[in-house]
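In: Have a look at this prediction, sequence included:
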Amino acid sequence: MTKAEMGRFNISPDEDSSSYSSNSNEFPYPYPTKQAALKSHYADVDPENQNFLLESNAGKKKYETEYHPGTTSFGMSVFNLSNAIVGSGILGLSYAMANTGIALFVILLAFVSIFSLYSVHLLLKTANEGGSLLYEQLGQKAFGMAGKLAASGSITMQNIGAMSSYLFIVKYELPLVIQALMSIEENKGEWYLNGDYLVLLVSLLLILPLSLLRNLGYLGYTSGFSLLCMVFFLIVVICKKFQISCPFETEMVNETVNNTFMHLAESQTSALEVNVTEEDTCKPHYFIFNSQTVYAVPILTFSFVCHPAILPIYEELKGRSRRRMMNVSKISFFAMFLMYLLAALFGYLTFYGNVEPELLHTYSAVMGADILLLIVRLAVLMAVTLTVPVVIFPIRSSIIQLLCAAKDFSWWRHTLITVSILSFTNVLVIFVPTIRDIFGFIGASAAAMLIFILPSAFYIKLVKKEPMKSVQKIGAVFFLLSGIFVMTGSMTLIILDWIHNASLDGH
């Protein structure tokens, strides 16, 4: 595209100019006519994209802002979106398969990935029609402040859930790493092998100083490092399947299982059929229904949430069009589908019914000190520790925008909000029994909102050119209703399971 073609385009009055540059001296060239613009690089873009890039009604008063084409290649956009999808949720997928069976898990995984991809389709169409590349702003355009709060609150909850899962990994894995490095055969209750103390220590000494920086900048590379760690983790999971023979010493597994999981295994033996007899210990099951099956869908939805990153990646995509971004999404989702399936399958076929909510922690019960697993743990610990400050940044920015957007920067406010976010997350990690509960609750609430409810609701409200009786709108309505059903059903079953377990514990 030439500089003349990169002149200003008209954007709707409620467009937030922060998504674009507003330096009027950067391109001092005459405005292109609409006919000239349509003959430009975007001549073959579908009408929805043209409505976003160009304004067809020149008679209205518009805010004028520069339109910048994206600079990120197709391949790098696929890499960035894959980074946004993959995360700590991969560690809980084998547990989900152990409580659904192989066939049911594959069906659920396929449905969640397809639904997530469909919600990306709705989100992109809504962004083009609504003229905004900010998730929160689409909410405000659709439903006013309530929509903005819903989008901002869901993104904040999802990020807090991600932070909690990262710190849970620190709580689970760091004691094992220290124990292996110090050649300690048995944990006798030393404070430096207590996960709660270690989480507080890591948060205070490493995460808090990095989180207090105004511009994280160089920490952005951790997303790529995290993806490499997860690929390394997948390779190790596949290799260990052929090194760990079954049956193994299940008593060793039970010793390392957290108290909630132990109590569940003891009190609901009839439900956990994979643990009933010794013959079933090494036998795969294809359909399983028990009290823990309700966590499967929330874990899967938690693992596929990437929607807050869709619009920023779309904005930076070179040769931007909705069709091109959908191709990026299809490749990324298919790659993550295969990665998740392999990780869940080989993890399950290694430990069967003895899989813990966090897969990596299960290996220490059977293999003890293993150099390859130690390397994986160190890599994952480094990745999640350096990722937590990156996750805190958008949460803090969202809170500041909601509470005090018009005020100047203050170190006191900046520090107070950062400490509050980190303290709240530490409380969750210390007092919530297992990472399974984080996956389940956030997956059933915030993830369901971001994948099912908000994209379909924004689409129904903002895409005016399609009548309510059209196939597209009817599909969006059914998608919205299915999201409400998934969220309410999953939350109800999870809360009932919590109440049931609490009554068994006598609390």
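Out: Received the coordinates, thanks. Numbering: from 1, shown residues only.
In: Low-confidence bits of the stretch 301-450 of the chain, can you list those?
Out: Along the stretch 301-450 of the chain, segments meeting pLDDT under 70 span 365-369.
In: where do the helices sit along it?
Out: Assigned by DSSP state H, counting those that start in this stretch, the helices in the stretch 301-450 of the chain fall at 307-316, 322-351, 359-367, 371-404, 411-431, 435-442, 448.
In: Check the separation of the first and last residues in stretch 184-200.
Out: Start to finish, the residues bounding stretch 184-200 are 22 Å apart (C-alpha to C-alpha, to the nearest Å).
In: buried set for that stretch?
Out: Neighbour-count burial for stretch 184-200 flags 193, 195, 198-200 (criterion: 16 or more other C-beta atoms under 10 Å). To be clear about C-beta, it is placed using only N, CA and C from the backbone, and glycine gets the same treatment.
In: What of stretch 126-136?
Out: 126-136.
In: cool, and stretch 145-156?
Out: Those would be 147-148, 150-156, for stretch 145-156 by 16+ other C-beta under 10 Å.
In: same question, stretch 305-315
Out: Quick answer for stretch 305-315 (16+ other C-beta under 10 Å): 305-311, 313-315.
In: Quick one: residues in contact with it.
Out: With contact meaning C-beta atoms under 8 Å, 6 or more residues apart in numbering, stretch 305-315 is reached by 19, 70, 72, 77, 80-81, 84-85, 116, 119-120, 123-124, 127, 133-135, 155, 158, 320, 325, 328-329, 332, 394, 446-447, 450-451, 454-455.
In: coming back round to it: which one of the buried residues of stretch 126-136 is nearest N501?
Out: Nearest to N501 among the buried residues of stretch 126-136: Y135, at 35.1 Å, using C-beta to C-beta.
In: Surely that closest one and G153 touch.
Out: No. Y135 is beyond contact range of G153, at 11.5 Å (criterion: C-beta atoms under 8 Å).
In: how near is the most centrally placed residue in the chain to S321?
Out: Centroid-nearest residue in the chain, with C-alpha atoms, centre = their mean: V305, separated by 3.9 Å. To S321, V305 is 24 Å away according to C-beta to C-beta, to the nearest Å.
In: Need the single longest helix in this protein, by residues.
Out: When the chain is parsed with DSSP state H, its longest helix is helix 145-181.
In: for it, what is the average pLDDT?
Out: Averaging pLDDT along helix 145-181 yields 90.
In: swap in stretch 497-507?
Out: Mean predicted confidence for stretch 497-507 is 71.
In: Give me the nearest residue to D196, chain neighbours excluded.
Out: Closest residue to D196 apart from its sequence neighbours, by C-beta to C-beta, 6 or more residues apart in numbering: I430 at 4.9 Å.
In: Let me see the contact set for that neighbour.
Out: Applying C-beta under 8 Å, 6+ apart, we find I430 in contact with 196, 199-200.
In: rewinding a little: and the longest helix of the chain, what does it pack onto?
Out: Packing partners of helix 145-181 (3 or more C-beta pairs under 8 Å, 6 or more residues apart in numbering; DSSP states H and E): helix 135-143, helix 195-202, helix 359-367, helix 371-404, helix 411-431, helix 435-442, helix 454-462.
In: what separates that helix from the chain centre, distance-wise?
Out: Centre-to-centre, helix 145-181 and its host chain are 10 Å apart (C-alpha atoms, centre = their mean, to the nearest Å).
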